[in-house]
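Undergrad: Give me the fold of what follows.
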Amino acid sequence: WNPNEIDAFLAYLISVKSTLAGMGFKETTFNEAAKHIESKRTHGPVKTGVHCKNKWILLKQTYNVIETYRNRSGCHWDNERGANIQGPAAEAVWEEYISR
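TA: A predicted model of the protein is given here:
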């Protein structure tokens with residue numbers, strides 16, 4: 001997955017989200033997403049609906065981990081620099097968090 005594939009994938013999911021009436025993405029949505037992002041592929045295999053579904057699961061997991069960390073007292077996160085760990089106290093908090 002390259003950054004352009006990920007951006008196109010997320011843009012596609014956002015564009016169809018309103019048609020789902022609060023339901024999750026279905027296999028057909030992931031199959032269509034795979035077709036939608038094909039022009040962005042620069043290397044690796046052609047993405048399938050299964051690839052897209054697995055990527056969606058991974059992206060959601062990553063998002064949830066970041067949100068959990070970001071909402072902890074004394075923890076920092078921004079979308080440009082990530083956790084931006086600076087200093088021994090912040091490093092200790094980070095190391096304790098990722099050791100779980």
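
Undergrad: C-alpha only now, for contacts and for neighbours.
TA: Fine.

Undergrad: Pop out the phi and psi values for Met78.
TA: In this structure residue 78 is Asp, not Met. Dihedral angles of Asp78 (phi, psi; degrees, to the nearest 10) stand at phi -140, psi 160.

Undergrad: what about it, neighbour count?
TA: 10 (other CA atoms under 10 Å).

Undergrad: isn't Glu27 right next to Cys52, touching?
TA: No: in this structure, Glu27 is not within contact of Cys52 by CA atoms under 8 Å, at 9.4 Å.

Undergrad: Tell me which of these two has more neighbours.
TA: Neighbours per residue (other CA under 10 Å) separate Glu27 from Cys52, with Cys52 holding more: 22 against 13.

Undergrad: Before we move on, what's the pLDDT of the residue sitting nearest the centre point of the chain?
TA: By CA atoms, centre = their mean, the chain has its centre lying nearest to Leu59, at 2.5 Å. Looking at Leu59, its pLDDT stands at 96.

Undergrad: After the longest helix along the chain, heading C-terminal, what element do we hit next?
TA: Criterion DSSP state H: the longest helix present in the chain is helix 49-70. Counting by DSSP states H and E, the next helix or strand C-terminal to helix 49-70 is helix 88-98.

Undergrad: State the distance from the residue lying farthest from the centre of the chain to Glu27.
TA: Most distant residue from the mean C-alpha position of the chain: Pro88, 28.7 Å away (CA atoms, centre = their mean). Note on Pro88: its distance to Glu27, by CA to CA, to the nearest Å, is 46 Å.

Undergrad: same check, this time on Tyr97
TA: For Tyr97 relative to Glu27 (CA to CA), the value is 34 Å.
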